[in-house]
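Asks: Coordinates for the following, if possible.
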Amino acid sequence: MSTPEEAGQREEGEYGRAAKRLKTEETEADEREEGEEELEEGEDSDSGSLPGNGESETDNRARWSASQFGAGLRDNGEDSHRISPSPVVHVRGLCEAVVEADLIDALEKFGPICYVMMMPFKRQALVEFSAVESADRCVSCGAKEPVYIAGQQAYFNYSTSKRITRPTNADNPNSGNKVLLLSIQNPLYPITTPTRLNVIKNDNESWDYTKPYLVRRDRGKGRQRQAILGEHPSSYGDNGYGPPCPLLPLPGNSRYKLTSLDVPDMVSYPLPQSSSSYSGHAPSSVAMVSGLHPSKMNCTRIFNLFCLYGNIEKVKFMKSVPGTALVEMGDEYAVDRAITHLNSIKVFGKRLNVCVSKQHAVIPSQVFELEDGSSSYKDFAMTRNNRFSSAGQASKNIIQPPSAVLHYYNVPPCISQDHLLRLCTEHDLPGFVKFKMFDAKPSSKTISGLLEFDSKTEAVEVLTVLNHYQIRIPNGSNPYTLKLCFSTSSHL
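Replies: As a prediction, the model looks like this:
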C-alpha cells in the first residue's frame, strides 16, 4: 500500500522521465538534422559520422554500419535513407599528414582508382573507383576488419555521389581562365583596391616592378648595388639568363640559418627561367621526379645528382607510381634550379621529368624495398655532403647545367688517371676520353682536375653513381669523399 503523497511523487517522477526522454529524442533529431545540413565537397549530403572514442573497434564498425544503413528504418521496416552502392567511397578518420599517394597505396588493392579528392581540414577524403565492385570490396572490408591509411585506422562508406566533381576544365590541363585569386594573409596595414604603394627604392625590403630603374645607393658611395631579389624580369633574354647574374639570397624560410661568420651574406645565382611545365604550381620545396630507371636509380643516386642545385632534405620513391620519387629540397629556389637544369635530361636510357610537387613536405610513409635492395626513403638533412648549408659554402658552388666535362676534387694525391678509369669500369660506367689534373701546392692533401666524356649523358651517369664515392687508401685513417660537379668548360 502506498500513501497518496508517495503515489504523487511516483507519478511526478514518471512524467519527469518521460520529459527527459522527449528532450533526448528532440536533441538527437536536431543533431541528425544539423549533420545533414553540413554538405561535403563533391557530395550531396553527409554520409555518416565517426564512431565514438570510447567504443571498441568491433562496436565502432557496428555503429558505423548502423549509422549509415539503420538510421532511416521506419516502424514498418522500410529503409528509406539507405545509401545505394556507389563507385565513390567516403573516407573518414584520416591523420593530418595523409596525402593522395597514401590513399592510393592503401586502397588500390580493392581495384583501380580514378580520382582522389582530399578534405584536409576535415580529415576526410573521397575516393572514386573505376567500378562499383571495387568500392563494394573497400566498404565491406572496412566493416569487417581495420583498414589502415598511413598508420591510422580509417572508416569507409558509400558516397551519395556517383562521381567526384572535378575542378573546372580538369580534363584539359592546358585550359585556363582570366580570373586571378589573391589571398593576403596577416596584412601589416589595411589594404583596399584603390591603394597604391609609394615605393622609392628596389632592394631587399621593397620592389616596384613597374619601375625597374629604382635602385639603392650605398651610403657615401656613388656606385649602384644590385637588389637582393635580382633584376627586373624584363631584363632577362628569351634564350638565356642574360648578363650579369643577379644576387639571390638564401631564403628566409630555409632550414639552414645563417650566422655572423657566414661570409658573404649573398650568393650569386641566376634566377631560373619560368617553364610552362611547372609555372602553374605554387612555390614548393618538393620536386617530383619521374622517368627514373627502376633498377639503377635509388635515393642516394638522386641525392648525388640533385645536390648540385641545393640542399637535399629527404627523398622518397612512390610505391603507387613506379619510377617516380619526391625530393624535398632546402627551399623553393633549389627546386626551381633543379627543374631548370635537370628536366628532360637522359639518365640510364630514360628521360627525366622534373616538376614542382603539390606537396610541401615529404612524409616517410609506405616505405618499401627498391629493386637494388635499398630503402625507398632516405633522410639527408644531416649529411655533410649537402653543399648549401651556409652562405659561405654555397658561394663556392657554380650552378651549371649538365655538360660532357666533369670537375672532380677532394681526391687523394696518390690517385692517378688509371685509378679513376678503373673506378668507372668497376661500376659498369663509360670511361672518360680526356683527363686533366690541376697543379696543386706541395702541401696540399688533395688534388682536383677535369674529366671529359664522349657525351653529356655519359657524364651525367658517372656523376650520378660516383659522386660522394668513398676512396680508401692504404694506411689511411679516414676515406676521401670523391666530389663531382659539372664543369664550365665545354671540352678539354
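Asks: and residue 362, that's in a strand?
Replies: No. Assessed with DSSP: H, G, I helix; E, B strand; the rest coil, residue 362 is coil; it does not lie in a strand.
Asks: I'd say it and residue 312 touch.
Replies: No. Contact criterion C-beta atoms under 8 Å: residue 362 and residue 312 do not qualify, at 10.3 Å. All C-beta spots, glycine's among them, are computed from the backbone N, C-alpha and C.
Asks: out of these two, which sits in the busier spot?
Replies: The residue with more neighbours, out of residue 362 and residue 312, is residue 312; 29 against 21, by other C-beta atoms under 10 Å.
Asks: quick revisit: got any residues that touch both of residue 362 and residue 312?
Replies: Counting by C-beta atoms under 8 Å, 6 or more residues apart in numbering, the contacts common to residue 362 and residue 312 are 327, 328.
Asks: What distance do you get for residue 458 to residue 422?
Replies: 17 Å (C-beta to C-beta, to the nearest Å).
Asks: out of these two, which sits in the busier spot?
Replies: Remark: of residue 458 and residue 422, residue 458 carries more neighbours, 19 against 12, as counted by other C-beta under 10 Å.
Asks: The closest residue to that one other than its chain neighbours - how many residues pack around it?
Replies: Sequence neighbours aside, residue 430 is the residue nearest to residue 458 in space, at 4.3 Å (criterion: C-beta to C-beta, 6 or more residues apart in numbering). When neighbours are counted by other C-beta under 10 Å, residue 430 registers 15.
Asks: Next: residue 437.
Replies: By other C-beta under 10 Å, the residues close to residue 437 number 16.
Asks: what sits against it?
Replies: The neighbours of residue 437, taking C-beta under 8 Å, 6+ apart as the test, are 417, 447, 448, 449.
Asks: Most widely separated two among the residues you listed?
Replies: 417 and 448 (13.4 Å; C-beta to C-beta).
Asks: Between these two, tell me which one has more neighbours.
Replies: More crowded of residue 417 and residue 448, by other C-beta under 10 Å: residue 448, with 16 against 13.
Asks: Which of the three states applies to the more buried one?
Replies: Here residue 448 is recorded as strand under three-state DSSP.
Asks: for it, what are its contacts?
Replies: Taking C-beta under 8 Å, 6+ apart as the criterion, residue 448 is in contact with 407, 408, 409, 410, 411, 437, 438, 440.
Asks: Which positions in the helix or strand hosting the fourth one come out as buried?
Replies: Here residue 410 is covered by strand 405-411, with elements defined by DSSP states H and E. Neighbour-count burial for strand 405-411, with 16 or more other C-beta atoms under 10 Å as criterion, is recorded at 405, 406, 407, 408, 411.
Asks: And for residue 83, the neighbour number?
Replies: Using other C-beta under 10 Å, residue 83 has 17 other residues around it.
Asks: Now for it, which secondary structure element holds it?
Replies: Here residue 83 is assigned to no helix or strand, by DSSP H and E.
Asks: you'd agree the residue nearest to residue 458 is in a helix?
Replies: No. Assigned with three-state DSSP, residue 430 falls outside any helix and is coil.
Asks: Enumerate every residue touching it.
Replies: Going by C-beta under 8 Å, 6+ apart, residue 430 touches 424, 453, 454, 458, 461, 462.
Asks: Most neighbours among these, which one is it?
Replies: Top of the contacts of residue 430 by neighbour count (other C-beta under 10 Å): residue 461, with 25 neighbours.
Asks: so it makes contact with residue 428?
Replies: No. Applying C-beta under 8 Å as the test, residue 461 and residue 428 come out as separate, 9.8 Å apart.
Asks: where does the stretch 1-150 of the chain dip in pLDDT?
Replies: In the predicted model of the stretch 1-150 of the chain, residues 1-81 satisfy pLDDT under 70.
Asks: Please, where are all the helices along the stretch 351-492 of the chain?
Replies: Counting by DSSP state H, counting those that start in this stretch, the stretch 351-492 of the chain has helices at residues 391-394, 417-426, 456-466.
Asks: Adding mean pLDDT, write these out as JSON lines.
Replies: Below are the helices of the stretch 351-492 of the chain laid out as JSON lines (pLDDT from 0 to 100):
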{"stretch": "helix 391-394", "mean pLDDT": "84"}
{"stretch": "helix 417-426", "mean pLDDT": "94"}
{"stretch": "helix 456-466", "mean pLDDT": "96"}
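Asks: With respect to residue 298, which of these lies nearest?
Replies: Short answer: helix 456-466, nearest of these by C-beta to C-beta, at 10.1 Å.
Asks: Looking at the helices of the stretch 351-492 of the chain, which one is packed in the most?
Replies: Per residue and on average, the most neighbours among the helices of the stretch 351-492 of the chain fall to helix 456-466, with a mean of 22 (mean count of other C-beta atoms under 10 Å).
Asks: now what about that helix, what contacts it?
Replies: Contacts to helix 456-466, defined as C-beta under 8 Å, 6+ apart, come from residues 297, 301, 304-305, 345-348, 402-406, 423-424, 427, 429-430, 432, 451, 453, 482, 484-486.
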